[in-house]
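Undergrad: I need the structure of the sequence given here:
(one chain, ligands or ions: 2)
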Amino acid sequence: MHINALSVNRTVVLGHLPHPSYVERVPAGGQGEAIDAVMVRGLRKSFQPPGAALVRALRGVDLTVGMGEFVAVMGPSGCGKSTLLHLIAGLDRPNEGSVVLAGIRIEALSADQAARVRRRHVGLVFQFFELIENMSVMENVTLAALLGGSKPAQARQRAADLLDVLGMLDRARVLPATLSGGQRQRLAIARALANRPTVLLADEPTGALDSDGAAEIVELLRRLHRDGQTIVLVTHNPEVAAAAGRVVRMRDGRIADPAGGATAAQAGPGAAAAQAEPGAAAAQAGPA
Ligand SMILES: Nc1ncnc2c1ncn2[C@@H]1O[C@H](COP(=O)(O)OP(=O)(O)O)[C@@H](O)[C@H]1O
Ligand SMILES: [Mg+2]
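TA: Ligands and ions are numbered 1, 2, ... in the order given. Next up is the predicted model:
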């Protein structure tokens with residue numbers, strides 16, 4: 001199977017599958033205008049830890065990610081990057097503002113409703129992989145496809161196809177613990193792609209990898225993007241960010257460059273390192 005099978009085809013994603021009745025579709029801006037993968041407006045989110053001061057994690061974030069875009073989000077620890085990804089994935093609700101995912105408003109959905117939209121439109125990748133350690137490589141991916149609504153035979157076929165494309169078919173029967181860090185993250189990415197998500201959301205996917213593992217994941221993300229996969233990735237690593245088409249910088253719960261920000265070329269290793277949290281890029285770039 002060729003990598004093209006991974007393509008996000010907007011017609012298939014948005015046109016052919018019926019939406020459940022609770023879905024509120026947001027019309028595109030103009031006639032024939034494409035629906036964005038992600039549209040975030042005026043997003044605010046605060047946390048109130050018991051006995052401590054209110055934390056304003058997001059203080060009014062606007063972000064639009066077009067279909068097929070690869071956006072890297074950078075910024076110091078605690079500036080709200082993970083909170084933003086969680087809200088885009090519908091894992092949590094904002095205090096104010098809206099989140100539109102593939103044309104569906106999700107910020108006010110119940111947890112169950114949000115989970116249904118998420119299973120169809122979002123693939124999540126985390127720093128520490130979050131694999132199911134007592135299931136084989138193949139079973140990890142198959143389970144994700146089953147949870148996405150595929151029939152068992154289809155789910156197994158999808159898992160085999162993905163592992164083939166990602167060069168891991170020969171590891172299908174082993175347990176994740178036998179894999180290298182880079183392979184573990186590749187498996188997590190295969191799982192995240194099981195349901196052909198509109199957007200792949202990755203939170204510091206190379207943060208726990210050595211430089212070889214990180215390079216392997218960067219190459220894979222580039223390849224997926226070339227093939228049309230929409231990606232939003234949080235990273236401290238300028239070399240990872242340089243793979244993206246656009247770099248968005250956050251600071252204190254806000255987008256630091258609301259005008260649209262630097263292109264990836266402008267934000268190459270030197271530029272990004274200058275703005276990153278002191279020490280963070282160096283710490284991430286070296287062996288974990
Ligand atoms: N569930 C939570 N409860 C309390 N505070 C939180 C919670 N999640 C995040 N925060 C706080 O919100 C701020 C932003 O966190 P986060 O989005 O994780 O930042 P980043 O991913 O950029 O490091 C931090 O001050 C963090 O401590
Ligand atoms: Mg974070």
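Undergrad: Work out the gap between stretch 58-72 and the centre of the chain.
TA: 11 Å (C-alpha atoms, centre = their mean, to the nearest Å).
Undergrad: Is any residue of it near ligand 1?
TA: No: Stretch 58-72 does not reach ligand 1 (C-beta under 6 Å from any ligand atom); its nearest approach is 7.8 Å. C-betas here are computed from N, CA, C, even on glycine.
Undergrad: From start to finish, how long is that stretch in a straight line?
TA: 17 Å (C-alpha to C-alpha, to the nearest Å).
Undergrad: how about the helices in the stretch 51-200 of the chain?
TA: 81-88, 111-121, 137-147, 152-165, 181-192 (DSSP state H, counting those that start in this stretch).
Undergrad: Go ahead and confirm I35 touches L101.
TA: No: using C-beta atoms under 8 Å, I35 makes no contact with L101, being 9.9 Å away.
Undergrad: Can you name the residues that contact L193?
TA: By C-beta atoms under 8 Å, 6 or more residues apart in numbering, the residues touching L193 are 6, 123, 162, 200, 224, 229.
Undergrad: Give me the buried subset of those residues.
TA: Burial by neighbour count, 16 or more other C-beta atoms under 10 Å: within the contacts of L193 this picks out 6, 123, 162, 200, 224, 229.
Undergrad: give me every residue that touches the residue lying closest to I106 once chain neighbours are set aside.
TA: Nearest residue to I106, sequence neighbours excluded (C-beta to C-beta, 6 or more residues apart in numbering): G90, at 4.5 Å. Under the criterion of C-beta under 8 Å, 6+ apart, the neighbours of G90 are 99, 101, 106-107, 109, 114-115, 117-118, 122.
Undergrad: If you count neighbours, what's buried in stretch 39-48?
TA: 39-40, 43-45.
Undergrad: Apart from its neighbours in sequence, what residue is nearest A108?
TA: Spatial nearest neighbour of A108, excluding adjacent residues (C-beta to C-beta, 6+ apart): R93 at 7.3 Å.
Undergrad: quick revisit: list just the nearest of the buried residues of stretch 39-48 to ligand 1.
TA: For the buried residues of stretch 39-48, the residue nearest ligand 1 by C-beta to the nearest ligand atom is K45; the value is 8.0 Å.
Undergrad: Name the nearest residue to the closest one, sequence neighbours excluded.
TA: Using C-beta to C-beta, 6+ apart, the closest residue to K45 is L58 (4.2 Å).
Undergrad: Compute the distance between the one you found and L201, please.
TA: 15 Å (C-beta to C-beta, to the nearest Å).
Undergrad: I217 too?
TA: For I217 relative to L201 (C-beta to C-beta), the value is 14 Å.
Undergrad: where are the low-confidence patches of the stretch 1-150 of the chain?
TA: Residues of the stretch 1-150 of the chain meeting the criterion pLDDT under 70: 1-33.
Undergrad: near ligand 1, which residues of it show up?
TA: Within the stretch 1-150 of the chain, the positions near ligand 1 by C-beta under 6 Å from any ligand atom are 47, 49, 55, 57, 75, 77-83.
Undergrad: Could you pull up phi and psi at L179?
TA: Here is the backbone geometry of L179 (degrees, to the nearest 10): phi -90, psi 160.
Undergrad: any idea how far it is from D161?
TA: 19 Å.
Undergrad: What of T142?
TA: Going from T142 to D161 by C-beta to C-beta gives 11 Å.
Undergrad: can you pull the pLDDT of the nearest residue in space to L131 that is not next to it in sequence?
TA: Leaving out its chain neighbours, the residue that sits closest to L131 by C-beta to C-beta, 6+ apart is P176, at 4.3 Å. Confidence at P176, expressed as pLDDT, is 97.
Undergrad: before we move on, what about A262?
TA: With respect to pLDDT, A262 has a value of 49.
Undergrad: Now for E139, how many residues are close by?
TA: The tally of other residues near E139 (other C-beta atoms under 10 Å) stands at 18.
Undergrad: longest helix anywhere in this protein?
TA: helix 211-226 (DSSP state H).
Undergrad: and the next element down the chain from that one?
TA: strand 230-234 (DSSP states H and E).
Undergrad: just checking, what packs against that next one?
TA: strand 70-74, helix 81-88, strand 199-203, helix 211-226 (3 or more C-beta pairs under 8 Å, 6 or more residues apart in numbering; DSSP states H and E).
Undergrad: So H121 sits against V99, correct?
TA: No: the pair H121 / V99 is not scored as a contact, 11.3 Å apart, by C-beta under 8 Å.
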